[in-house]
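K.L.:
sequence and predicted structure below; questions after.
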Amino acid sequence: MQMNDRVKRIATIGVLILTLIMSGCPSQQAAPPPAVPEVAIVTVQPERVVLTTELPGRTSAYFVAEIRPQVNGIVQEVLFNEGSDVKAGSVLYQIDPAPYQAAYKNALAALARSEANLPPVRLKAERFGQLIAQKAISQQDFDNAYAALKQAEAEIESSKAAVESARINLAYTRITAPISGRIGKSNVTVGALATAYQGSAFATIQQLDPIYVDATQSSANLLQLKRNMAAGRIKGSGPNQTRVKLLLEDGTPYPQEGTLKFSEVTVDPSTGSFILRMVFSNPKHVLLPGMYVRTVVQEGEVDRAILVPQQGVSRDPKGNPTALIVDGEGKVQQRMITVDRAIGDKWLITDGLKPGDRLIVEGMQKVRPGASVKVASFDASGKDSSDTAKKALPAAKTK
């Protein structure tokens, strides 16, 4: 019995030792091959794009008229409501007209006196004309009579001018609106002293419909645009090129389109920019002078533009833009590209990509140039489909 128990213990120890030896041995099975990384791609396709430039700007009134008196006097009445709309010709202020009425009547009386003196002088000159023909009077007497006639006629013209001047001054006592628009606050009240052509304005009228928008554009951007058009990369869009859109301060689009009026011919040396003036209809007076806005000016259009999602473009250590594409053999290639501008959530590419290239937009961090990949179509909603990509996206031809 003791011998049998000893044999069992030895056998059990042997089994344990063998188990430990087997567990310590390395596995002879080969490791499975690494999985091929999957990337999401888009196929580059040319499309027509209208190029626009967004420029900062300020609104300014179409017409501005500062109201000032043209005669001296005391303000008797203020005949408008501050902040209201006034029509051209409507009376705004009344200056005391009494002294100017008296001056006007005095001028009329002087004119009447001059006109009353004219007939006898004229008759005398006519009689002397007949007598000089008969040599009944001296030439000197005739000359004196003729000179008196001319002097009487000149006095009448002078009196007429004095009457007109007095009439104008009397009319100036009623200060009227030179333009239609919205008038601001009044700087004077009843009883204030008005001085002809004084420096401070009584009030200011601004015409708000239409309204100007003055935007600044860099001269460097203008030169780049001209180079692109000369090279044929951009072509003018005809009459639509003068149409301008507007974004308000809060980012909402203004419902009315504007027209490009003119561009300044001189570049500001301190800023390197010049002024673009545009005109917008403003029937509801949404735009007020001095507001900050952003204008969207149409530059031109590109018939076969290459637009790619911004996440498909990266930068090398030197800051140069690069892109990864999948070639016809399913391998990754790196391309150096040239980026013109951002349009929405895409980049406009001018060099480095061509139609039919399969651009990697997701999974770039998992691959390197030369690596084999499995492609899936890119969906902006975040859903990719490998099967769909295999059926819908043919392999790009390599040159």
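P.N.:
Thanks, I have it. Residues are numbered from 1 along each chain as shown.
K.L.:
buried set for stretch 56-75?
P.N.:
57, 59-62, 65, 67-69, 71-73, 75 (16 or more other C-beta atoms under 10 Å). C-beta here means a position set from N, CA and C on the backbone, and glycine is covered the same way.
K.L.:
just the buried positions in stretch 174-181, please.
P.N.:
175-177, 179-181.
K.L.:
narrow those residues to those in strands?
P.N.:
Members of the buried residues of stretch 174-181 lying in strands (criterion: DSSP state E): 175-176, 181.
K.L.:
surely residue 54 meets residue 296?
P.N.:
Yes - look at residue 54 against residue 296 with C-beta atoms under 8 Å: they come within range, at 5.5 Å.
K.L.:
of these two, which one has the most company?
P.N.:
residue 296 (18 against 12; other C-beta atoms under 10 Å).
K.L.:
can you pull the contacts of that one?
P.N.:
52-54, 244-247 (C-beta atoms under 8 Å, 6 or more residues apart in numbering).
K.L.:
so what sits against both of residue 54 and residue 296?
P.N.:
Common neighbours of residue 54 and residue 296 (C-beta under 8 Å, 6+ apart) are residue 247.
K.L.:
show me which of the buried residues of stretch 56-75 is closest to residue 271.
P.N.:
Among the buried residues of stretch 56-75, residue 57 lies closest to residue 271 (C-beta to C-beta), at 14.0 Å.
K.L.:
residues in contact with that closest one?
P.N.:
Counted by C-beta under 8 Å, 6+ apart, residue 57 has contacts 213-216, 276, 278, 292-295.
K.L.:
strand partners (parallel or antiparallel) of the helix or strand containing it?
P.N.:
Applying DSSP states H and E as the criterion places residue 57 in strand 46-67. Strand pairing for strand 46-67, using DSSP bridges, gives strand 203-218 (antiparallel), strand 292-309 (antiparallel).
K.L.:
give me whichever of the ones you listed is most buried.
P.N.:
strand 203-218 (a mean of 20; mean count of other C-beta atoms under 10 Å).
K.L.:
give me the beta-bridge partners of the residue most central in space within the chain?
P.N.:
For the chain, residue 295 is the residue whose C-alpha lies nearest the centre (C-alpha atoms, centre = their mean; 3.1 Å). Counting by DSSP bridges, residue 295 is bridged to residue 55, residue 246.
K.L.:
sorry, back to before: make TSV out of the buried residues of stretch 174-181 and add pLDDT and distance to residue 127.
P.N.:
Formatted as TSV, the buried residues of stretch 174-181 follow (pLDDT from 0 to 100; distance: C-beta to C-beta, whole Å):
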residue	pLDDT	distance to residue 127
175	95	53
176	95	51
177	95	56
179	94	58
180	94	60
181	93	63
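K.L.:
out of those, who's nearest residue 133?
P.N.:
residue 176 (57.0 Å).
K.L.:
ok, that closest one to residue 78 distance?
P.N.:
In this view, residue 176 and residue 78 are 13 Å apart by C-beta to C-beta, to the nearest Å.
K.L.:
who touches both of those two?
P.N.:
residue 92.
K.L.:
show me where pLDDT drops low in the stretch 101-250 of the chain?
P.N.:
Along the stretch 101-250 of the chain, the parts satisfying pLDDT under 70 run over 221-242.
K.L.:
could you do the stretch 251-399 of the chain as well?
P.N.:
264-265, 380-399.
K.L.:
and the helices in it?
P.N.:
When secondary structure is read from DSSP state H, counting those that start in this stretch, the stretch 251-399 of the chain shows helices at 386-392.
K.L.:
one step back: of the buried residues of stretch 56-75, just say which sits nearest to residue 344.
P.N.:
For these, the nearest to residue 344 is residue 57 (21.8 Å; C-beta to C-beta).
K.L.:
what separates that closest one from residue 292, distance-wise?
P.N.:
8 Å.
K.L.:
now residue 178
P.N.:
29 Å.
K.L.:
please apply the same query to residue 374.
P.N.:
51 Å.
K.L.:
who does the closest residue to residue 58 other than its chain neighbours bridge with?
P.N.:
If the residues on either side of it in the chain are set aside, residue 58 comes closest to residue 214, at 5.7 Å by C-beta to C-beta, 6 or more residues apart in numbering. Beta bridges link residue 214 to residue 58, residue 277 when assigned by DSSP bridges.
K.L.:
what sits against residue 214?
P.N.:
With C-beta under 8 Å, 6+ apart, residue 214 has these contacts: 57-60, 275-278.
K.L.:
what about the residue lying closest to residue 368 once chain neighbours are set aside, how many residues nearby?
P.N.:
Spatially, and ignoring its direct neighbours in sequence, residue 368 is nearest to residue 332 (6.7 Å; C-beta to C-beta, 6+ apart). Using other C-beta under 10 Å, residue 332 has 19 neighbouring residues.
K.L.:
now residue 358
P.N.:
Neighbours of residue 358 (other C-beta under 10 Å): 24.
K.L.:
the residue nearest to the centre of the chain reaches residue 278, doesn't it?
P.N.:
Yes - contact criterion C-beta under 8 Å: residue 295 and residue 278 qualify, at 6.3 Å.
K.L.:
now for the regular element (helix or strand) spanning residue 142, which elements pack on it?
P.N.:
Under the criterion of DSSP H and E, residue 142 resides in helix 139-172. For helix 139-172, the packing partners by 3 or more C-beta pairs under 8 Å, 6 or more residues apart in numbering; DSSP states H and E come out as helix 98-133.
K.L.:
before I go, just wanted to say thanks for your time.
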